[in-house]
Every structure is written in C-alpha cells, then in structure tokens.
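> any chance you can model this:
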Amino acid sequence: MECRMAWGKLNPCYQDAIAIRKAVFINEEGIDPKDELDGTDEDKMHYVGYVDDEPVTTARIDMLAGNRVKIERVATVAEARKQGYAGQLIKQIIGDAQRSDVAHIQLDAQLPAIPFYQELGFAPVGETFTEAGIEHRTMEYQAQA
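Residues are numbered from 1 along each chain as shown. Below you'll find the predicted structure:
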C-alpha cells in the first residue's frame, strides 16, 4: 500500500480522503454530513492509502498546541476492510509524527475499534462519550520500548 499526504482541497489526495469519509461515515454509518464535513478539513493534513492506485483508507491529522497530534476520521472503504490497510496507515502516521518529534499522539475511537487501536499501541483514557450519536473513547499512543 502506498501512503500519500495532502493539505488543501485542490489536491487529488484530499478529494480521495473526502470521498472515502463520505462513503463510510455518511452513507454507511448515517452520520449527518454537517457533523462529518465540519469545516476544518482545509486546515488539517490528510493521509490516504492507495492499493493499485485506488484509495482505500484515510485519516485526518490535527496538529495541536504543545507538539501534539490528534488522528481523526479514520475510515476504510468496505471492500478493503480486514486487510491491514488502516493499520499500515496509522503506523505511517505514528512514524511520521515521531520523526517530527511529536510528543503526544491521541485519537477518539469508536468503541468497537478500541481493540484495533490497542494492537497499534494506543491505550484508552478517560470516560466514554458520544459524538455524532456514536460512543467513543479517547486513546493515547504509548511508544513501544
């Protein structure tokens, strides 16, 4: 799988990220488009994983104050799930963040996805909360010793 990054809505990679998110979050999960397309996409970095030049998985990155990163909007198209693509993408993001001396990586996981993120080195913190009608829990990356 090839990972590409994009800033800005004119980049084809950005357009692929939005298309994946619409397919997964709006069409499959029924999230309100106003919640999913929250008006902050142009200010964030987007990663997209491609297989045979077809976009299959994506994540949005928010650069936070204090040398912190938040991974957001992780999604994989239905036909590419359970093949390790999202895991590869998250590992790429973690590696890029570590090479940039990011001190803290976090994400808000849907509850069924918690075991997936735990396998990648994230640990749950805090209480469960609801976003867009779906229960989530914040997770933080724990660097492997």
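> sheet-wise, list the partners of the longest strand along the chain with their directions.
Longest among the strand segments of the chain by residue count, using DSSP state E, is strand 54-64. Strand 54-64 pairs in its sheet with strand 45-51 (antiparallel), strand 68-76 (antiparallel), by DSSP bridges.
> so for that strand, mean pLDDT?
The average pLDDT for strand 54-64 rounds to 95.
> test my guess that E42 contacts L10.
No: with contacts counted by Cβ atoms under 8 Å, E42 stays clear of L10, the gap being 9.8 Å. Where C-beta positions appear, they are placed from N, C-alpha and C, glycine not excepted.
> now that we have the strands paired with strand 54-64, can you turn them into CSV and tack on distance to T57?
Shown next, in CSV, are these (distance: least, Cβ to Cβ, whole Å):
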stretch, distance to T57
strand 45-51, 4
strand 68-76, 4
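> okay, these in CSV with distance to E135, mean pLDDT and mean neighbour count next?
Below are these laid out as CSV (distance: least, Cβ to Cβ, whole Å; pLDDT from 0 to 100; neighbours: other Cβ atoms under 10 Å):
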stretch, distance to E135, mean pLDDT, mean neighbour count
strand 45-51, 25, 97, 21
strand 68-76, 16, 95, 21
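> out of those strands, which is closest to R137?
strand 68-76 (13.8 Å; Cβ to Cβ).
> coming back round to it: nearest to L37, out of the strands paired with strand 54-64?
strand 68-76 (10.0 Å).
> can I get that closest one as PDB, trimmed to CA atoms?
The C-alpha coordinates for strand 68-76 follow below in PDB (Å, rounded to 0.1, in the frame of the first residue of the first chain):
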ATOM      1  CA  ARG A  68       0.700  17.100  20.000                       C
ATOM      2  CA  VAL A  69      -1.200  15.400  17.200                       C
ATOM      3  CA  LYS A  70      -4.700  14.100  17.000                       C
ATOM      4  CA  ILE A  71      -5.600  11.400  14.500                       C
ATOM      5  CA  GLU A  72      -9.200  11.900  13.300                       C
ATOM      6  CA  ARG A  73     -11.700  10.500  10.800                       C
ATOM      7  CA  VAL A  74     -10.000   7.100  10.200                       C
ATOM      8  CA  ALA A  75     -12.000   5.200   7.600                       C
ATOM      9  CA  THR A  76     -11.600   2.300   5.200                       C
END
